[in-house]
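In: sharing a sequence plus its predicted fold:
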Amino acid sequence: MGLLATLDLHTAAQHSLVGALLAGIGWLLLDYARMLLLRRKLPPGPWPLPIVGNHFQTPSVRPWIAWEEWGKYYNSPMLTLWIGRHPRIIINDAWVASDLLEKKADIFSSRPHLIVMGDAINCTTTNQTTLPYGDRWRMHRKLMQALKIMESVNFVIPGLFLMEAIPALMHLPAWLYKLPTALRMGAAIGARYFVMLTEEGAQSKQQSFAKYMLKSQKQFAMSDVEVSGLMANLIGGGVDTTSSTMMSCILALACFPEVQRKAQDDMDRVVGQDRSPSWDDIDHGSLPYLTALVKEVLRWRTVTVLAGIPHANTKDVEYRGYYFPAGTSITGNMWAIHRNPRDFPDPDTFRPERFLGGLENPYPNSRGSNPFGWGRRQCSGQPLAEQGLLFSLGRLIWAFNVQPGLDDKGEQVKLDIFAYTESENQRPEPFRVRFTPRSDKIRQLLLDEAAEARESLRIYDGETKITMEDAAQNPAMV
Ligand code: HEM
């Protein structure tokens, strides 16, 4: 009798195992059928596999170059790439991007559900950059505007992380898969670190964004993680983007000496060499060549080569015979958009004339390019970034002749305008250049102004006492 009962139990267990396996296979087939049916309504792209989509077809290094090529292969301004079971639309064309992200901004201003840059680091509902379109996002954006004015950015490269394709991996224990736990813990420590820095900064006598932020935290009932996100975005969103753009400009000045000469002629005409350029020179539009030069560098090597974080639509949309269900991820491929020879002939030549005295070629917006993204989700640091670039690059061009550096034999090195890092915040690989003051008078002015600046900035002297170790004692979880 006992033996029969054991046999029965075994058979029942086997039956439920087979049942679960069949159910699993059934679900897999149904889901794959759903993907393939939806695929017929979407722009062209490589054939996806069940569950992992196109994960293994996506190059892990500078995929934006491959997508530009795929666009040519499929002869389409839009591509579909499957990130796991979900489609991601890659737009390679300024006019299509504008039709969707600018003209339909009321629908295309949300963010898709992100795993690595969202759920895995507790960011989905706490950071302005990833928050879905709505009141909470509006409040974060308003707080950033008080300024008047992405290296975790590689997290946004579609297809780079298997976890993006298979979100369930996020819940695996650390002994089986370290990444999710490491991301979560890193984010929680980083969040506490920024909160502590904000609290420390708010103790200074001067009025500051940190003081404003802590006051706003109470007023808008924000969590510590939200405050840390807003503060960290200033650095994550602002520092690398601006400095990489300056590096690209220095590379361009060294490689295109005639552009440098024209910009300096403009400076000599308006500013001369007896004083350095002031904010008034720049703000009053009296240096049009410089303004066009800054626009050109933001186009020529757009730092946010995949336009930051993808957009998503909040409603189903039909466009050019395709169908985008609500929540579809849309990525603008700036590499392809800003190098399209139809809009920017001879695109790798650095030529500010494209933007001088109006646009040389038609473009869907009056600016003539989209380095800061599209529509309502456009970069909230744009004014600050543009002012910083105009001012620092303007002064650099006024002060120095920038030339390729010399090698060990004293010969001028040959610079490569395509030697860029793999980061989604693209910046040139290290390169050699020489900065020579344009005259003795300028050299002396620079030294005097540097000494003066040193004195005026002395009120900000001092070092933070906060360390990551302090933050690790009390990580900020949502
Ligand atoms: C050269 C400099 C910069 C470039 C090229 C740049 C580019 C971008 C791009 C392409 C986006 C995504 C826009 C979209 O989704 O359509 C973005 C978003 C953002 N940027 Fe910038 N950015 C720069 C500097 C800055 C600075 C200085 C700050 C902060 C002070 C900043 C803060 C942000 C924030 C918070 C967002 C998210 C906006 C949102 O989702 O509501 N950026 N940026």
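Out: It's in. Residues are numbered from 1 along each chain as shown.

In: enumerate the residues of the stretch 301-450 of the chain near the ligand.
Out: 303-304, 307-309, 311, 371-374, 377-381, 384-385 (C-beta under 6 Å from any ligand atom). (C-beta placed from N, C-alpha, C; glycine too.)

In: any of these buried? List them.
Out: Among those, those classed as buried by 16 or more other C-beta atoms under 10 Å are 303-304, 307-309, 311, 371-374, 377, 379-381, 384-385.

In: just flag the most distant two among those.
Out: His311 and Leu384 (22.1 Å; C-beta to C-beta).

In: ok, Met185 - contacts?
Out: Met185 is in contact with Pro475, counting by C-beta atoms under 8 Å, 6 or more residues apart in numbering.

In: can you pull the buried residues of whichever strand or helix holds it?
Out: Counting by DSSP states H and E, the element that carries Met185 is helix 178-201. Buried residues in helix 178-201, counted by 16+ other C-beta under 10 Å: 179-181, 183-184, 187-198, 201.

In: go on, stretch 78-95?
Out: Residues 78-94 are the ones in stretch 78-95 that count as buried (16+ other C-beta under 10 Å).

In: in strands only, show me those.
Out: Among the buried residues of stretch 78-95, the members found in strands (DSSP state E) are Met78, Leu79, Thr80, Leu81, Trp82, Ile83, His86, Pro87, Arg88, Ile89, Ile90, Ile91.

In: now the last one: how far from Leu101?
Out: To tie it back to what came earlier, the one meant is Ile91. From Ile91 across to Leu101, the span is 8 Å (C-beta to C-beta, to the nearest Å).

In: what residues are shared contacts of these two?
Out: Both Ile91 and Leu101 are contacted by Ile330, Gly332, under the criterion C-beta under 8 Å, 6+ apart.

In: give me the low-pLDDT residue ranges for this structure?
Out: 1-7, 9, 117-118, 120, 122, 146-160, 477-478 (pLDDT under 70).

In: mind naming the longest helix for it?
Out: If you go by DSSP state H, the chain has its longest helix at helix 2-39.

In: which parts of it are buried?
Out: Of the residues in helix 2-39, those buried (16+ other C-beta under 10 Å) are Met35, Leu38, Arg39.

In: show the contacting residues for the last one.
Out: Right, Arg39. Applying C-beta under 8 Å, 6+ apart, the residues near Arg39 are Gly45, Pro48, Thr80, Trp82, Pro87.

In: what's the spacing between it and Val317?
Out: From Arg39 over to Val317 (counting by C-beta to C-beta), the distance is 17 Å.

In: same thing with Glu386?
Out: 31 Å.

In: and if you look at Pro341?
Out: Counting by C-beta to C-beta, the gap from Pro341 to Val317 is 29 Å.

In: isn't Arg395 right up against Pro277?
Out: Yes: contact status for Arg395 versus Pro277: in contact at 5.8 Å, counting by C-beta atoms under 8 Å.

In: more crowded one of the two?
Out: Pro277 (21 against 18; other C-beta atoms under 10 Å).

In: the more buried one and His284 touch, don't they?
Out: No: using C-beta under 8 Å, Pro277 is not in contact with His284; the gap is 11.3 Å.

In: and the buried residues of helix 2-39, which is closest to the ligand?
Out: The nearest member of the buried residues of helix 2-39 to the ligand, counting by C-beta to the nearest ligand atom, is Leu38 at 24.2 Å.

In: ok, the closest one touching Thr328?
Out: No: counting by C-beta under 8 Å, Thr328 is not a contact partner of Leu38; they are 9.7 Å apart.

In: what residues are shared contacts of the two?
Out: Counting by C-beta under 8 Å, 6+ apart, the contacts common to Leu38 and Thr328 are Pro87.

In: circling back: quick check: buried residues in the helix or strand that the longest helix of the chain is followed by?
Out: Using DSSP H and E, the next helix or strand after helix 2-39 towards the C-terminus is helix 63-74. Of all the residues in helix 63-74, those buried under the rule 16+ other C-beta under 10 Å are Pro63, Trp64, Ile65, Trp67, Glu68, Trp70, Gly71, Tyr74.

In: list the contacts for the fifth one?
Out: Contact analysis of Glu68 by C-beta under 8 Å, 6+ apart lists Asn92, Asn333, Trp335, Ala336, Arg339.

In: who wins for most neighbours among those residues?
Out: Counting by other C-beta under 10 Å, top hit in those: Asn92 with 27 neighbours.

In: list the residues that contact that residue.
Out: Asn92 neighbours (C-beta under 8 Å, 6+ apart): Trp67, Glu68, Gly71, Pro77, Met78, Leu79, Asn333, Ala336, Ile337, Asn340.

In: which of the buried ones among the residues of the stretch 301-450 of the chain next to the ligand lies closest to Arg111?
Out: Distances from Arg111 to these, taken by C-beta to C-beta, are shortest for Ile309, at 6.0 Å.

In: surely the closest one and Leu114 touch.
Out: Yes: contact criterion C-beta under 8 Å: Ile309 and Leu114 qualify, at 7.5 Å.

In: what about Leu406, how many neighbours?
Out: Neighbour tally, Leu406, other C-beta under 10 Å: 13.

In: who does it form a beta bridge with?
Out: In this entry, Leu406 is beta-bridged to Gln412, by DSSP bridges.

In: oh, and call the first residue 29 from now on, that's how I've got it
Out: Okay, residue one is now 29; in that scheme the one you just asked about reads as Leu434.

In: how about the strands of the chain, start to end?
Out: Using DSSP E, strands in the chain cover 106-111, 114-119, 339-340, 345-347, 350-352, 357-360, 428-432, 461-465.

In: who does the fifth one pair up with?
Out: Looking at strand 350-352 with DSSP bridges, its partner strands are strand 345-347 (antiparallel).

In: what's the partner strand in contact with?
Out: Asp127, Leu128, Lys132, Ile135, Phe136, Tyr351, Phe352.

In: try it again with 6 Å
Out: Phe352 (C-beta atoms under 6 Å, 6 or more residues apart in numbering).

In: quick one: it to chain centroid distance?
Out: Here the centre of strand 345-347 is set off from its chain's centre by 26 Å, with C-alpha atoms, centre = their mean, to the nearest Å.

In: also stretch 398-412?
Out: 11 Å.

In: again with stretch 297-317
Out: The answer for stretch 297-317 is 31 Å, by C-alpha atoms, centre = their mean.

In: list the buried residues of it.
Out: Val298, Val299, Ser304, Pro305, Asp309, Ile310, Leu315, Tyr317.

In: can you tell me which residues contact the fourth one?
Out: This points to Pro305. Pro305 touches Val299, Gly422, Arg423, Trp426, counting by C-beta under 6 Å, 6+ apart.

In: possible to save these as TSV with distance to Thr39?
Out: Listed next are these as TSV, based on distance: C-beta to C-beta, whole Å:
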residue	distance to Thr39
Val299	91
Gly422	82
Arg423	83
Trp426	87
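
In: out of the residues you listed, list just those in helices.
Out: Within the contacts of Pro305, residues falling in helices by DSSP H are Gly422, Arg423, Trp426.

In: number of residues surrounding the first one?
Out: Okay, so that is Gly422. 25.

In: test my guess that Met224 contacts Ile494.
Out: Yes: using C-beta atoms under 6 Å, Met224 is in contact with Ile494, at 4.6 Å.
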